[in-house]
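> Okay, structure incoming, though there's no sequence with it:
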């Protein structure tokens, strides 16, 4: 774990611990005295301790998010490197996917699908249309029918 993630986590732990001790001290102090004036000052200590616990919790979550973001970046770099290695091992071959052929008008051939009742159009392999009786059409046809692009397959 890097220092930029470790330091906020350590500060969060210290803040949370001090806040918890403050809350416990406020409870013990205010419960041991019958004088209302003294209980009020212990209440202020308890409120400050509560804020310290909340600040520590927020900082702890922020440190965890930073650690996840850093690890995600590392994993993406590893995946990209392995994909590049695989491409090089295959002699520069791609995955076999080809761009959609074009029609005479220069517009892409119908490669998007939907049913008559759908409000979104999809790629043919989208998991939201798998097993459904869909019909292929061009993007312009789908948009004329009032459909919008799917948010999952993002055609």
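Structure's in. What do you need? Since we're looking at a predicted model, the values are computed, not measured. Numbers count the residues shown, from 1 in each chain.
> pLDDT weak spots in the chain?
1-5, 91-110, 155 (pLDDT under 70).
> Would you mind finding the longest helix in it?
helix 36-89 (DSSP state H).
> what's the helix or strand just after that helix packed up against?
Once helix 36-89 ends, the next helix or strand along the chain (criterion: DSSP states H and E) is strand 112-114. Here strand 112-114 touches strand 120-121, strand 135-137, helix 139-144, going by 3 or more CB pairs under 8 Å, 6 or more residues apart in numbering; DSSP states H and E. For every residue, glycine as well, the C-beta is placed using N, CA and C.
> any chance of those in JSON lines, with mean neighbour count and distance to residue 153 too?
Shown next, in JSON lines, are the helices and strands packed on strand 112-114 (neighbours: other CB atoms under 10 Å; distance: least, CB to CB, whole Å):
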{"stretch": "strand 120-121", "mean neighbour count": "22", "distance to residue 153": "9"}
{"stretch": "strand 135-137", "mean neighbour count": "15", "distance to residue 153": "14"}
{"stretch": "helix 139-144", "mean neighbour count": "15", "distance to residue 153": "13"}
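> okay, those in a markdown table with distance to residue 152 next?
As requested, the helices and strands packed on strand 112-114 are exported to a markdown table (distance: least, CB to CB, whole Å):
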| stretch | distance to residue 152 |
| --- | --- |
| strand 120-121 | 9 |
| strand 135-137 | 18 |
| helix 139-144 | 16 |
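> got the contact list for residue 53?
By CB atoms under 8 Å, 6 or more residues apart in numbering, residue 53 lies in contact with 15, 16, 19, 20, 23.
> Find the nearest non-adjacent residue to residue 153, please.
Closest residue in space to residue 153, ignoring its immediate chain neighbours: residue 126 at 3.7 Å, by CB to CB, 6 or more residues apart in numbering.
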